[in-house]
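Student: Pasting a predicted model and its sequence here:
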Amino acid sequence: MDSSQFSTEIKIKPIGLIRTPYIQPKDIPIQGVFKQETVGEVTLFPPYPEGLKDIAGFSYLYLLFYFHLSPKETLVGKPYLETEDHGIFSIRSPHRPNHIGLSVVELLEVGDDGFKFKGVDMLDNTPLLDIKPYVTYFDNRSEGKNGWLDKHFRDGDIPDSTILK
């Protein structure tokens, strides 16, 4: 396949904003699962609130967002749990080619123009690009491998996220 056929930019626009208690990147847990009690809120821009119809029936959602304060793009980086570099597509760094983030969050409450959720791992005022339901019939992969991360979670141990930064 010739990459020149895709040389034009793809433009996307935010559908809303993610509000969180995290003002500085250093305050954010490496993943929302490490501070599950933290609550965030999504506010959708018109006309997108209509798209929330029937979302209340789901426990979890995928939030796709833009790392709007990421100052650089790298293809290799050092994740929090490691002392060695890994390819950007094997880590969850914000310094990605398109600066797109993905989080699974727990849906708490749906309102007229947004919702509250738990499992926050993004900055306050992060641009929201899309929302998708987490569906256990499709998305649960308990037999999956976790690459270089498996060694950090041996025997069910969870690394202490407070010493990772």
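Tutor: Perfect, thanks for sending it. Just so we're clear, the structure is a prediction, and the values are computed from it rather than from any experiment.
Student: Do a quick rundown of the strands in this protein.
Tutor: Secondary structure of the chain (DSSP state E): strands at 16-19, 39-44, 60-66, 76-77, 86-87, 100-110, 114-118, 126-133.
Student: closest to P29 out of the ones you listed?
Tutor: strand 100-110 (10.8 Å; C-beta to C-beta). All C-beta atoms are positioned from the backbone trio N, CA, C, and that covers glycine.
Student: Adjacent strands (with direction) for that closest one?
Tutor: Note on strand 100-110: by DSSP bridges, its sheet partners are strand 60-66 (antiparallel), strand 114-118 (antiparallel).
Student: Columns mean neighbour count and distance to G40 on top of those, output as TSV?
Tutor: Below are these laid out as TSV (neighbours: other C-beta atoms under 10 Å; distance: least, C-beta to C-beta, whole Å):
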stretch	mean neighbour count	distance to G40
strand 60-66	19	9
strand 114-118	20	6
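Student: If you average pLDDT per helix and strand, which one of the protein comes out bottom?
Tutor: helix 136-139 (a mean of 88; mean pLDDT, DSSP states H and E).
Student: Counting by contacts, list what that one packs against.
Tutor: Applying 3 or more C-beta pairs under 8 Å, 6 or more residues apart in numbering; DSSP states H and E, one finds that helix 136-139 contacts no other helix or strand.
Student: Next, the buried residues of it.
Tutor: Buried residues in helix 136-139, counted by 16 or more other C-beta atoms under 10 Å: none are found.
Student: Could you do stretch 93-104 as well?
Tutor: Buried residues in stretch 93-104 (16+ other C-beta under 10 Å): 93-96, 99, 101, 103-104.
Student: Just name the closest of those residues to L129, please.
Tutor: G101 (8.7 Å).
Student: now the closest one, nearest residue through space, not along the chain?
Tutor: F65 (4.7 Å; C-beta to C-beta, 6 or more residues apart in numbering).
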